[in-house]
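> Sequence and predicted model, in that order:
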Amino acid sequence: EDALKISSLNCRSLKKHHSDMISDAILLKSDIICLQETWLENDDAIDDLKIPNYDLYLNSKGRGKGVAVYCKTDIFRHEIDIKKENMQISKYSSDSLDIIVIYRSQQRNYDDLNQILEEIKTDEKPHLVLGDLNFCYLDNPNNPTRKYLENQRFTQIITSPTHIEGNLLDQAYLKDDHGELECTMELHSKYYTDHKGLAIIIRYLVHTLV
């Protein structure tokens, strides 16, 4: 009860792999499931993509793109969707944490992404920025979005490759200025996608509960 369980995964087609995901015990332990590359054409509610006990929110832009989030609405609120041709971003909020979910295509300008992050983030509570950013964190120490987030006091918590080709594309940046949170993370290989899933647990330290 003192923790949030967060999953993030490039699923490479929500329709194709929905049946795999609803039998994935790791995903179904989550309070919020953040998916990238949903490959959906529009945001119409699709009954056969639902997962029991979760609400589904879509931010779609066609083949090879898109974001979807399954969340327990007694914990998270949907705040905003930003839909660009080569970048989709959605924000969700709980009482103690804001989450920004990103899918960025390789062609999208980093300055555009940084500007959007600047506009939608706040300093009122801790933030977690995660998703498939389509650059390798290990090989690009001077990437503009990486530098922007580091300058904003975000810490990247994923340190191992997340893609089958050895790249760290799926990233998660936590900002916790007041030291309120304890974060643990695991990577899980999935047979149905070439990306590893991020399983993040964020616990509230004792002094934040009193």
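Done, it's in. Numbers count the residues shown, from 1 in each chain.

> For this protein, give me the ranges with low pLDDT.
1, 45, 206-210 (pLDDT under 70).

> In it, mark out all the helices, start to finish.
With helices called from DSSP state H, the chain shows them at 14-21, 110-120, 144-151.

> of those, which approaches residue 73 most closely?
When the helices of the chain are compared by Cβ to Cβ, helix 14-21 sits nearest residue 73, at 18.8 Å. No exception for glycine: its C-beta is placed from N, CA and C like everyone else's.

> Could I get the CA-only coordinates of that closest one as CSV?
Extracted as CSV, the C-alpha positions of helix 14-21 are listed here (Å, rounded to 0.1, in the frame of the first residue of the first chain):
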residue,chain,number,x,y,z
LEU,A,14,-1.3,-3.5,-29.1
LYS,A,15,-3.8,-5.5,-31.2
LYS,A,16,-1.2,-8.2,-32.1
HIS,A,17,0.1,-8.7,-28.6
HIS,A,18,-2.9,-7.9,-26.4
SER,A,19,-3.5,-11.6,-25.7
ASP,A,20,0.2,-11.9,-24.6
MET,A,21,0.0,-9.0,-22.3
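
> and that helix, which residues are buried?
Buried residues in helix 14-21, counting neighbours by 16 or more other Cβ atoms under 10 Å, are found at 14, 17-18, 21.

> Not counting its own residues, what contacts it?
11, 27, 33, 35, 38-40, 48-49, 51, 66, 68, 190-193 (Cβ atoms under 8 Å, 6 or more residues apart in numbering).

> Just the closest of those to residue 127, please.
Nearest to residue 127 among those, counting by Cβ to Cβ, is residue 33 at 18.4 Å.

> And for the closest one, the neighbour number?
The local packing of residue 33 (other Cβ atoms under 10 Å) involves 26 other residues.

> Might one say that it is in contact with residue 7?
Yes - if you go by Cβ atoms under 8 Å, residue 33 and residue 7 touch, sitting 4.8 Å apart.

> list the residues that contact both of these two?
Taking Cβ under 8 Å, 6+ apart as the contact rule, residue 33 and residue 7 both touch residue 27.

> picking that back up, take the buried residues of helix 14-21 and lay them out in JSON lines including distance to residue 90.
Output for the buried residues of helix 14-21, formatted as JSON lines (distance: Cβ to Cβ, whole Å):
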{"residue": "14", "distance to residue 90": "14"}
{"residue": "17", "distance to residue 90": "19"}
{"residue": "18", "distance to residue 90": "19"}
{"residue": "21", "distance to residue 90": "18"}
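
> Return the member of these nearest to residue 178.
residue 21 (34.6 Å).

> That closest one and residue 182, how far apart?
27 Å (Cβ to Cβ, to the nearest Å).

> Now do the strands in the chain.
Ranges of strands within the chain are 3-10, 32-36, 55-59, 67-71, 77-84, 87-93, 98-104, 127-132, 155-156, 170-175, 181-188, 197-204, based on DSSP state E.
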